[in-house]
Structures are given as C-alpha cells and as structure tokens.
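> Starting from these lines, generate the structure:
(one chain, ligands or ions: 1)
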Amino acid sequence: MSSAPPAALRPLEARKLAPVRQELILNFKASDVAPTQLPSKGLPVGSNPPPACYVNNPVVPKHAGYVIRFACGVQTGSLLILPNLKPIFPRPLLIFFCFNMKGVIFEKAGAEPQVVDSLDKPKPSPDQILVKSIYMAINPVDSLMSSSGMLVTSWPFVVGCDAAGVVVDVGANAGSKFKVGDEVCGCTRLGTPGHSPAQEFFLMDAALTMPKPKNISLQQAATLGVGTWTAALGLYNGLKVKLPDLDDLPEEKDKDEAAKDDEAPTVEDATSKAGANESEDSHQTKAEPQKEDEWIVVLGGASSVGKYAIQLAQVAGYKVAASCSASSAELVKDLGAIPFDYKKPLDHQAKEVMSITSNKPYKIFDAAAAGHPLAMEVFKQLPDSDGEGGEKLFATTNDWSNIGDFQGGKAYAIALGPIGRAEAKELNDDIAKYAPLIVGLVEKERVLPNPYDIVGVGGLESVIEALKYQQKGAGGSNKVLAKIQDP
Ligand SMILES: NC(=O)c1ccc[n+]([C@@H]2O[C@H](COP(=O)([O-])OP(=O)(O)OC[C@H]3O[C@@H](n4cnc5c(N)ncnc54)[C@H](OP(=O)(O)O)[C@@H]3O)[C@@H](O)[C@H]2O)c1
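So this is what the prediction gives:
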C-alpha cells in the first residue's frame, strides 16, 4: 500500500486473530475519527502489514470497536464488534455483518488499479436490480475518470460502467421489468459506489437497463451500453433524427448497392471530384435548392460510438459518409457508409464531404470528439439555416470543450456521464426511451454489435489488463472486454 493512513485514523492496535484465516482485527477509537475522513472500503488482498485506516464504523460512530474481516470459502465478509456499549449491552456486541466482494479500485486519481476483496456487496433500492457481473467493456472514460477524478463521487473508485451480467436480486418496484436470472446489459451510473461492473456484483437502475437482446451473446451485449446510447443521444437529440418505429422500419439498403449508388460515390470518386473542384467557388451549394436532408456525416466512423451511429443513421433512412483511417475503411464500408480519411488535410476532407454528400452535409455527428474543426470548415460552405434549406446540426461526444453554435449551425454536446443520477432526469428519460429501441434493432439485426477483443483469462485481474490494453490502443477499433466471472 502506498498511501499512509491519515493521523486521525491511527489504530490503537492491529493484530492477527488466530482462528480466522489470514484476517485482521483492527482496533480503533472511532471518536478519534471524523466520519468523512474514513475511506469506506478497499483493503488490498493479502496486504501486509495491514493498512489500519481501512475501518469503517458508520453504525455507532461514537464508540471504539473492532472490524474483523473473515473468509468463508470463497466469500469474504466483515464483522464490526463494539465492546464498550455497556451498560446498555452487557457483552461485546456484534453489531454489523456484511458479505464483501472483490472489485478493481483506484485509491485516488492517478493511482495504480488494484484488486481488493473488501467491497460491500450492494443492495438494490426499490427501482434497481443487483447484477452479477460477467463481462465488462472498457471505454475511454474509464481512464479519464481514474486519472483525473472526473465524475468520481467518492474514493476509492471502482472502475467501469459498460456492463453485461445476470440479475441476482430485484428491488421492490423493479419486478415488473426484471426477474432473477435475466441477462441484462447497459451503462451503469459512472463513478458511483456500488454501480461498477468491475466488481462481483453491481447495481443497475431498472429503467436504464436493457434485457440482453435474444440473438446475441453476453459478450456482444457488453459492447452495447455506452456506444449505442451515446450514438442515440447524438442522432435523436443532437441531429434531430426521427426516432424509428420498430414496427415500420425503412427497408434495409443492400450495403454493397449503397456504395454503388449514384448519389453515393466511392471514396476514390469523391477524392478525385474534390481535387477537381479545388479552384471552384466554395459556396457553390447556395445555388442549389435544398431537398430534405438525407446524409449524415459521422466523424470517427470506426470508433465504438461511430460504428453504432452509422448503423442507427441508416436505420432512420439516411445515407452515411464516415471518416476513418485507411486501415478501417473496409470496416466502415461493410457497415454501409462511404469512408473518407481523417488523416488528410482539413480542406481536402471538407471537399470530400461536400462531394460525397452532393453538397448536403447538414447533419454532422462527431463520434471521435475531434471533429469540430472539420465541421466548421464544412458548415462554412453551406448556406445558413434560414428556413429555406436544411438546418446545420452538429452533435459531438466532446462535452468538455464547451463547443457552442458555429457557422450558422447548432451544436449539441452529448453528456452520458451523469446517467442515472437524480439531477439527470432528462437524460435518464431519454435513455429509458432509447434502450428498448436499441434492443429491438439488435434483435431485428438492423444494428450489429461491435467487434471486440476479450483480454486476459478472466477474473478481476483481467480488468486491469484490459484497461492497459485499451489505453495502448492495442485492440485497434475493436471494443475491449474483460470477463469478470462465469455466470
Ligand atoms: N460525451 C459523452 O457522453 C461520451 C460518451 C461516449 C464516448 N465519448 C467520447 O467519444 C470518443 C469516442 O469514444 P469511443 O468509445 O467510440 O472510442 P474508441 O472506440 O476508442 O475509438 C477509437 C477509434 O476512433 C478513431 N479515431 C481516433 N481519432 C480520430 C479522429 N481524429 N477522427 C476520426 N476517427 C478517429 C480511430 O479509428 P481508425 O481506425 O479509423 O483510426 C480509433 O480506432 C472518446 O473521446 C470518448 O471519450 C463521450
């Protein structure tokens, strides 16, 4: 353990208890301890000497006591003993008992991740379910949270939010949606104790949980939560794409045919056309009467969010142009979009976008959180939204740069981060609406789960491997998954 306990948490005594396997008794004077200074959980497995500050007496804070951690088979737990409650109780009192579980924690921002076995197993509130964690997917936000503390409500912080597992307990009001044994997936509350899938059991808000689509595996389901919900927010909220009716979906376009469509030139056509137009008036679109928007430009088409955005845009009847690197062009084409290379100079990309979309790139979805400069360049070439033509709309996953409206267009920053929190009512209502749509679209095979790499041999140590694998970019544009345990 690298961090020393604060002075206020100094133990009076710390010793081994013989009959209990490898466990500790920590004797502390709770009156010395300001409750807010108590780290609530997180005794590293097998740590020696014991980090004595890891005691927590939330029940009777004015009394000294012992915390005994015990092992019973594979299960670990905690007992809180308060010997000094006399004269109310004549004997030492066992006052608190809970089973513990394992999880992957960061002690503080920037710390190394570690597996601990002393996390409290949470209880679902009436509108929640308790889920046995089976697979989790790693997202860029996991590194961001653990390195900066952003969105983290308390430390130690258990990493992770993209989950798939099996329901093991159901809150009083959640029974109409889920029952024990159901397989579920989705994005849990970020940075909130008890809600992370990088622990054996975690909480989900029933309204913000998807039943695993019947036609896919639990691994595939773990790729859905963050990616599809972010894509849905960008398209339906930011780009004002009409929510599709599951019972009346537009015909699926043949993906190969889409690439041959007259109005959908190949990237090579578009590139040469862009080159040929180089000297032409950049405001050429003004002359054209605007028809109904039919293109969505996805920046970062190979990213996890981008792949879902391409698919959801097509389900809504749009044609899609998508930026990606040359190595991801085939993948993006296979999804039915027309690729262009984001590594080319900005003006070249802008010309490609204009060319591919026949000068109608009115809806731009920046899935890669890096597309604002290109969108500015493109919108500059379109007439302002004046009721005559299409509305210039930009949605971005970059919610930290305060991108405001620009070039006569409207900007919308997606913010999935506060999901589940009480203050995020509008977001929660939106996701509760989009989640069943996503399940339906996956079951109708109109949205295919993203490809993934599973890292490690399973167990919570694999989460640490997966975090490092994702940070290195070792999976390319594949989603990175870790298996927590068998169902
Ligand atoms: N605001 C929110 O609520 C929210 C929610 C989810 C995600 N996000 C953010 O959205 C971004 C994407 O997340 P993700 O999980 O989808 O990421 P991801 O799957 O890790 O995306 C990685 C891929 O993005 C592509 N890419 C990288 N830089 C690019 C650029 N400048 N232009 C176009 N494509 C680029 C690369 O594909 P190639 O193979 O083509 O190079 C790369 O393989 C991240 O920044 C994430 O933090 C925000």
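> ends of stretch 101-121, how far apart?
6 Å (Cα to Cα, to the nearest Å).
> From residue 355, how far off is residue 374?
From residue 374 across to residue 355, the span is 14 Å (Cβ to Cβ, to the nearest Å). In this view, the C-beta of every residue, glycine as well, is placed from N, C-alpha and C.
> Spell out which parts of the stretch 51-200 of the chain neighbour the ligand.
139, 140, 141 (Cβ under 6 Å from any ligand atom).
> element containing residue 411?
Per DSSP states H and E: residue 411 is located in strand 410-413.
> send the alpha carbons of that strand over as CSV?
Presented in CSV, the C-alpha positions along strand 410-413 are these (Å, rounded to 0.1, in the frame of the first residue of the first chain):
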residue,chain,number,x,y,z
LYS,A,410,-26.4,24.4,-33.9
ALA,A,411,-24.0,22.4,-31.7
TYR,A,412,-25.1,19.7,-29.3
ALA,A,413,-22.6,18.1,-26.8
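> which helices and strands does that strand pack with?
Secondary-structure packing of strand 410-413 (3 or more Cβ pairs under 8 Å, 6 or more residues apart in numbering; DSSP states H and E): strand 393-396.
> What strands flank the strand it packs on, and is each parallel or antiparallel?
Partners of strand 393-396 in the sheet, by DSSP bridges, are strand 363-366 (parallel), strand 410-413 (parallel).
> Just want the most central residue of the chain.
residue 226 (4.0 Å; Cα atoms, centre = their mean).
> just the strands in the stretch 251-400 of the chain please.
Using DSSP state E, counting those that start in this stretch, the strands found in the stretch 251-400 of the chain span residues 295-299, 319-324, 338-341, 363-366, 393-396.
> Tell me which of the ones you listed lies nearest to residue 204.
If you check each of those against residue 204 by Cβ to Cβ, strand 393-396 wins as the nearest, at 26.0 Å.
> Does that closest one reach the ligand?
No. Judged by Cβ under 6 Å from any ligand atom, strand 393-396 makes no contact with the ligand; its nearest approach is 7.8 Å.
> can you list contacts of that strand?
Strand 393-396 is contacted from outside by 233-235, 237-240, 362-366, 369, 371-372, 375, 379, 403, 406, 409-414, using Cβ atoms under 8 Å, 6 or more residues apart in numbering.
> what mean pLDDT does it have?
Across strand 393-396, pLDDT averages out at 98.
> which among the residues of the stretch 51-200 of the chain next to the ligand gets closest to residue 219?
residue 139 (15.7 Å).
> Let's have the residues of the stretch 51-200 of the chain next to the ligand in CSV, adding neighbour count.
Listed next are those as CSV, based on neighbours: other Cβ atoms under 10 Å:
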residue, neighbour count
139, 24
140, 15
141, 22
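> want to throw these into a markdown table with pLDDT and distance to residue 160?
Putting these into a markdown table (pLDDT from 0 to 100; distance: Cβ to Cβ, whole Å) gives the following:
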| residue | pLDDT | distance to residue 160 |
| --- | --- | --- |
| 139 | 97 | 8 |
| 140 | 96 | 13 |
| 141 | 97 | 10 |
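> Mind putting those residues into TSV with distance to residue 462?
As requested, those are exported to TSV (distance: Cβ to Cβ, whole Å):
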residue	distance to residue 462
139	16
140	19
141	19
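> quick one: contacts of the helix ranked longest in the chain?
Looking across the chain with DSSP state H, the single longest helix is helix 425-443. Helix 425-443 is contacted from outside by 186, 205, 207-211, 213-216, 224, 228-229, 232-233, 236-237, 243-244, 246, 311-312, 315, 415-416, 418-420, 447-449, using Cβ under 8 Å, 6+ apart.
> Quick one: mark the members of the residues you listed that sit in helices.
Per DSSP H, those map to helices at 228, 229, 232, 311, 312, 315.
> Just the buried ones from the contacts of strand 393-396, in PyMOL syntax?
A single PyMOL command is used to select the members of the contacts of strand 393-396 judged buried by 16 or more other Cβ atoms under 10 Å:
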select buried, resi 233+234+235+237+238+239+362+363+364+365+366+369+371+372+375+379+403+409+410+411+412+413+414
